[in-house]
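Colleague: What follows is a protein structure lacking sequence information:
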């Protein structure tokens with residue numbers, strides 16, 4: 001099966017009919033038509049340039065905020081390779097260049113080791129820098145875009161853009177970028193801090209996560225965005241859905257804005273549970289919750 005219109009495609013790391021569930025925290029879902037892991041931006045640009053435009057693409061980081069539907073994804077899943085997993089500190093200009101595949105946890109650790117403050121909150125967000133920029137991820141009143149200076153973006157046809165932060169809009173849990181575009185690297189401003197204070201902040205965040213979130217379970221992180229005037233978990237509690245189950249999908253007893261796979265869930269059960277919560281909250285509280293978890297692929301009925 002040949003999809004890319006070039007003889008050089010054989011040199012690329014491509015897998016067909018790839019089961020994506022092993023790349024998601026929930027561990028559920030069907031197959032992707034194709035899985036591609038580019039080593040560098042040149043490979044990624046080449047691949048996208050020659051990939052027929054009718055074929056959809058989706059970039060996956062650590063799969064922490066994602067439901068792959070059981071019917072699979074009739075497109076290409078892209079996972080950035082090792083050359084996108086780099087961190088470079090420019091001490092003179094107090095700037096930090098970070099690849100899109102770098103884990104949030106690793107950037108937080110790097111900043112601690114170099115006495116850089118302002119990135120401690122990333123220790124509380126599972127995922128990668130590219131995915132976090134796409135979602136404008138945040139917690140503890142901080143977001144990934146707070147310290148951002150500029151970034152590189154590659155579009156669906158392989159064109160690379162270098163943009164300043166103010167050239168796009170970062171909203172609550174969303175960056176407004178062209179469809180199917182990918183964050184490949186980001187430049188952040190840095191600020192020196194006291195190493196002990198940084199360590200204590202990280203430990204505080206880690207302990208809060210252990211206490212309040214089901215981090216030992218297979219989860220997708222926060223299920224819904226918080227509405228303007230009330231936390232999503234409070235609304236879910238008020239309709240009595242803490243601990244609610246559909247098959248192997250369950251609303252966490254520890255934090256009701258987290259769904260967990262208790263061992264045998266499928267993606268349909270997870271999505272139906274989420275949709276039932278949306279419906280019941282709207283019916284009883286008059287507030288329409290919005291998914292924070294990304295859902296990808298073809299829905300399959302139970």
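Modeller: All right, it came through fine. Since we're looking at a predicted model, the values are computed, not measured.

Colleague: doesn't residue 292 make contact with residue 173?
Modeller: Yes: counting by C-beta atoms under 8 Å, residue 292 is a contact partner of residue 173 at 5.8 Å. In short, each C-beta sits where N, CA and C put it, glycine included.

Colleague: Which neighbours do these two have in common?
Modeller: 135, 225 (C-beta atoms under 8 Å, 6 or more residues apart in numbering).

Colleague: The spatially closest residue to residue 100 that is not a sequence neighbour: which element?
Modeller: Counting by C-beta to C-beta, 6 or more residues apart in numbering, residue 130 is the residue found nearest to residue 100 once chain neighbours are left out, at 3.1 Å. Taking DSSP states H and E as the definition, residue 130 sits inside helix 129-135.

Colleague: before we move on, what about residue 228?
Modeller: Applying DSSP H and E, one finds residue 228 in no helix or strand.

Colleague: for the nearest residue to residue 80 once chain neighbours are set aside, helix, strand, or coil?
Modeller: Leaving aside its chain neighbours, residue 80 sits nearest to residue 101 (4.0 Å; criterion: C-beta to C-beta, 6+ apart). With DSSP: H, G, I helix; E, B strand; the rest coil as the basis, residue 101 sits in coil.

Colleague: And the helices in this protein?
Modeller: 41-50, 104-113, 129-135, 195-212, 232-238, 267-285 (DSSP state H).

Colleague: So which of those is the most surrounded?
Modeller: Mean neighbour count (mean count of other C-beta atoms under 10 Å) peaks for helix 129-135 among these, with a mean of 26.

Colleague: Relative to the whole chain's centre, how far out is it?
Modeller: 6 Å (C-alpha atoms, centre = their mean, to the nearest Å).

Colleague: who does it touch, helix- and strand-wise?
Modeller: strand 56-59, helix 104-113, strand 174-176, strand 182-189 (3 or more C-beta pairs under 8 Å, 6 or more residues apart in numbering; DSSP states H and E).

Colleague: Enumerate residues external to that helix that contact any of its residues.
Modeller: Contacts of helix 129-135 (C-beta under 8 Å, 6+ apart): 59-62, 64-65, 80, 84, 98-104, 107, 122, 125, 127, 137, 144-145, 148, 151, 173-175, 177, 182-184, 186, 292.

Colleague: if we go to 7 Å?
Modeller: 59, 61, 65, 80, 98, 100-102, 104, 107, 125, 144, 151, 173-175, 182-184, 186 (C-beta atoms under 7 Å, 6 or more residues apart in numbering).

Colleague: Out of those residues, which end up buried?
Modeller: 59, 61, 65, 80, 98, 100-102, 104, 107, 125, 144, 151, 173, 175, 182-184, 186 (16 or more other C-beta atoms under 10 Å).

Colleague: per-domain residue ranges of the protein.
Modeller: With domains defined by automatic domain parsing, the chain comprises 7-82, 84-197, 214-296.

Colleague: Please state the offset of the first one from the chain centre?
Modeller: From the chain centre to the centre of domain 7-82 is a distance of 14 Å (C-alpha atoms, centre = their mean).

Colleague: Counting neighbours, what do you get for residue 148?
Modeller: For residue 148, the neighbour count with other C-beta atoms under 10 Å is 20.

Colleague: separation between it and residue 74?
Modeller: Distance of residue 148 to residue 74, computed by C-beta to C-beta, to the nearest Å: 33 Å.

Colleague: Kindly report the same for residue 94.
Modeller: 45 Å.

Colleague: Check residue 57 too.
Modeller: Distance from residue 57 to residue 74, by C-beta to C-beta: 11 Å.

Colleague: Among the two, which residue is more densely surrounded?
Modeller: Remark: of residue 57 and residue 74, residue 57 carries more neighbours, 19 against 14, as counted by other C-beta under 10 Å.

Colleague: What's opposite the more buried one in the beta bridge?
Modeller: Judged by DSSP bridges, the bridge partners of residue 57 are residue 76.
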